[in-house]
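Okay, structure incoming, though there's no sequence with it:
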């Protein structure tokens, strides 16, 4: 009679061996199914990385910057991409309606407090910002773009030179507060502070009335001549704000009064971005952007956020792919690699690819709908690469699925999402002679099956 242990052990070890056998085969998940084809059919599975791909850098059109999650200010001079300067326009709102400043309020100071979120660049470079009052209405439900400017009054409210301290807490009235930029808007003139303190009571009854009375602030940055940084400031949580400090002229005991007006997510706001026409960029960038020399894309490609530079991609001979045979695309990977020499700033963690027609209409690639794990666009720092999987897109193009002509573009951020990303990256071009290594060039690697 067999023991219970003997009866259990045999099938147990059989199962273990089966599991080990399965996991010892490290297959590419996108090749699963090939081993199920009859041996004769697998002979028709081909791989090529010699598809003709044309790519070159072009200036991106202005991007929508209305109501961003953070407000960007600052100027940076990149030795490759040149100068970028950001300024912003924003409403401010009442923290409470029906405020009463008394019959004889006396202004002590008017302080704009901007709380840091992040930064890009060198914070040891001194920057200059100037502040003005907006003279033109802005609306939360309107779209504003990176190249847009609106009217302001000529009276300058502040002219501040400063070194950014985005990680240093500050002492305010004996208490420690998180890192912030404080701009005194009453050093040059008391005009705006008194305008608020002596506003008619009807103006303070609602935010709608208040923003008609005081339309907001324009915070403008002066372009730097070297290095510099782009600074992000909070608009969520009501931290960034305009604060009027005053005392009661009739009752001297009331000498530490204040009223807050937040720059929050409910305020209409937008960022103006100036790349100075790329006049400060390197000659390699200028050849592609200003001289429109698309052949230079064979050497290097340039990609920059904030409505800066995008990469145009063409695959001109798709209709001839397979040399007249009927083929099915198993996998199509567009591979991009960064050169080892670009060490000034880290590459963006992710980039995106879209399609755009001749009149500017934007669409997603069908592969993008599968998610980033499949579609790609994520930077691999170990391999210094990005990839985009365009398998379904390529199959549709070969089948003449789309009636309208469009081109493919690679951007730092999807323009539909309205993200202000200052990332930039240099990428190898399509010429293997320039990179010195065939695998380092921009290339399209396609695995396909010949059906007949």
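Perfect, thanks for sending it. Just so we're clear, the structure is a prediction, and the values are computed from it rather than from any experiment.

need the strands for the stretch 301-450 of the chain, in chain order.
Across the stretch 301-450 of the chain, reading from the start of the chain, the strands by DSSP state E, counting those that start in this stretch fall at 309-314, 327-337, 352-357, 362-363, 385-389, 406-411, 424-428, 443-450.

Tell me how many other residues surround residue 348.
21 (other C-beta atoms under 10 Å). Every residue, glycine included, has its C-beta placed from N, CA and C.

That one and residue 172, how far apart?
35 Å (C-beta to C-beta, to the nearest Å).

cool, and residue 319?
As judged by C-beta to C-beta, residue 319 and residue 172 stand 66 Å apart.

more neighbours, these two?
Under the neighbour definition other C-beta under 10 Å, residue 319 and residue 172 were set side by side, and residue 172 has more, 12 against 9.

Specify the beta-bridge partners of that one.
As for beta bridges, residue 172 partners with residue 175 under DSSP bridges.

Then residue 311?
According to DSSP bridges, residue 57, residue 410 are recorded as the beta-bridge partners of residue 311.

Could you pull up the residues touching it?
Counting by C-beta atoms under 8 Å, 6 or more residues apart in numbering, residue 311 makes contact with 55, 56, 57, 58, 297, 301, 302, 303, 409, 410, 411, 427.

Got the confidence number for it?
Predicted confidence (pLDDT) for residue 311: 97.

swap in residue 77?
So residue 77 comes in at 98 (pLDDT).

go on, residue 25?
Among the per-residue scores, residue 25 shows a pLDDT of 40.

Residue 182 too?
In this prediction, residue 182 carries a pLDDT score of 96.

again with the one 5 residues further on
Here, the pLDDT recorded for residue 187 equals 95.

these two touch, right, it and residue 156?
No. Using C-beta atoms under 8 Å, residue 187 is not in contact with residue 156; the gap is 10.4 Å.

can you give me the strands for the stretch 51-200 of the chain?
For the stretch 51-200 of the chain, the strands defined by DSSP E, counting those that start in this stretch cover 54-59, 70-78, 82-90, 105-121, 127-134, 152-162, 170-172, 175-177, 180-184.

To residue 358, which of the ones you listed lies closest?
Residue 358 lies closest, by C-beta to C-beta, to one member of these: strand 54-59, at 13.8 Å.

average pLDDT across the closest one?
On average, strand 54-59 scores 96.

if we look at it, which residues are touching it?
Strand 54-59 is contacted by residues 278, 285, 288-289, 294-297, 301-303, 308-316, 429-430, 442 when judged by C-beta under 8 Å, 6+ apart.

buried subset of those residues?
When burial is judged by neighbour count using 16 or more other C-beta atoms under 10 Å, the buried members of these are 278, 285, 288-289, 294, 296-297, 301-303, 308-313, 315, 429-430, 442.

Could you break this structure into its assigned domains?
The record, using automatic domain parsing to delimit domains, assigns the chain the ranges 29-34+41-60+280-450, 70-267.

centre of the chain versus the last one, how much separation?
Its chain's C-alpha centre and that of domain 70-267 lie 23 Å apart, by C-alpha atoms, centre = their mean, to the nearest Å.

what's the first-to-last distance across that domain?
From its first residue to its last, domain 70-267 covers 12 Å (C-alpha to C-alpha, to the nearest Å).
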